[in-house]
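*Asks:* turn this into a model:
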Amino acid sequence: MYKPSRQNENELAITDPSAPDLIATDPFCRLITTLPIDSPVPMSIIKLGLLTNHLKPKPEGVVADLNAIDIDATRPVAVPSETRSSILWLLSEHCESLSQRRKRKVGRLCEAASLNGPTQNDVALSDTYAQHPSSLVQRIVSKYTCKHCGDEFKQESDRDDHLANCSERPNSVESDSESSSSTQRSSSDRPALGKEIRTDRGTERVSGRNPFNDPDRIKDTGLHQGGG
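*Replies:* Numbering: from 1, shown residues only. Below is the predicted model:
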């Protein structure tokens with residue numbers, strides 16, 4: 001069962017080592033403080049925190065599995081009127097970013113757990129959970145894989161950084177050689193310096209004559225004999 005941690009007010013500690021500790025936001029901590037001191041946090045409140053993103057597993061590499069939250073297995077629970085007011089305050093003031101689908105699921109949870117029902121004067125919090133907390137979390141599965149070596153990464157940016165220096169990356173010398181050959185062929189297709197392109201009947205041909213060795217061209221430039 002979960003209880004507020006004595007070392008950190010934002011943590012929920014659990015006596016079962018197979019379930020993770022949970023970290024709560026400040027608004028959710030305010031809700032927890034309305035429960036009777038030293039009483040276990042009801043499982044319906046735990047589910048509420050996970051669904052509203054106000055509770056998250058503490059260990060790295062573990063996330064809440066919201067699809068595993070069984071609304072039908074949620075038991076009604078009697079909580080103080082102050083707790084009910086805090087739940088309404090949390091939902092109205094700190095859950096605006098939730099999707100409509102998530103809000104509907106939160107509403108179903110509140111109905112199943114009687115968190116939005118009439119105020120109960122007698123508080124009876126159960127110390128047993130119908131759904132074990134460990135079933136509500138899952139290990140993060142790597143989604144980004146190196147196409148060369150098969151290593152997996154949590155972030156796409158980590159995978160991209162690895163790709164450039166992967167030891168299993170194919171040798172790129174051959175492709176670089178082909179690129180160089182292509183460049184050389186392209187260069188050989190261009191006329192050399194000092195050659196001119198002449199057009200004969202709609203087709204082009206390269207003349208090997210230097211235009212400055214052409215007497216006619218020299219005459220045009222004024223550099224012929226007797227010119228200034």
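*Asks:* quick one: the helices in the protein?
*Replies:* For the chain, helices defined by DSSP state H occupy the ranges 26-32, 43-51, 81-93, 100-112, 156-163, 173-188, 215-221.
*Asks:* Ile37: how many residues sit nearby?
*Replies:* Burial of Ile37 is recorded as 7 neighbouring residues (other C-beta atoms under 10 Å). Just so you know, the C-beta spots here come from the backbone N, C-alpha and C atoms, and that holds for glycine as well.
*Asks:* now it: how far from Gln100?
*Replies:* 37 Å (C-beta to C-beta, to the nearest Å).
*Asks:* how about Lys147?
*Replies:* Remark: distance between Lys147 and Gln100 (C-beta to C-beta) = 38 Å.
*Asks:* show me the contacts for the closest residue to Cys110 other than its chain neighbours.
*Replies:* Distances taken as C-beta to C-beta, 6 or more residues apart in numbering put Asn116 closest to Cys110, at 4.4 Å, once the chain neighbours are dropped. By C-beta atoms under 8 Å, 6 or more residues apart in numbering, the contact set of Asn116 is 84, 87-88, 110.
*Asks:* quick one: Thr25 from Pro57, how far?
*Replies:* With the distance defined as C-beta to C-beta, Thr25 ends up 14 Å from Pro57.
*Asks:* so for those two, which residue has more residues nearby?
*Replies:* Shown here are Thr25 and Pro57; by other C-beta under 10 Å, Pro57 has more neighbours (20 against 17).
*Asks:* Lys47: neighbour count?
*Replies:* Residues near Lys47, counting by other C-beta under 10 Å, number 26.
*Asks:* for the helices of the chain, which has the smallest mean pLDDT value?
*Replies:* Averaging pLDDT over each of those singles out helix 173-188 as the lowest, with a mean of 49.
*Asks:* count the residues that sit near Ser44.
*Replies:* Residues lying near Ser44 (other C-beta under 10 Å) number 24.
*Asks:* likewise the one 4 residues further on?
*Replies:* The burial count assigned to Leu48 is 25, neighbours taken as other C-beta under 10 Å.
*Asks:* now it. Nearest residue, chain neighbours left out?
*Replies:* Spatial nearest neighbour of Leu48, excluding adjacent residues (C-beta to C-beta, 6+ apart): Leu109 at 6.1 Å.
*Asks:* I'd like the average pLDDT over stretch 2-19.
*Replies:* For stretch 2-19, the mean pLDDT works out to 82.
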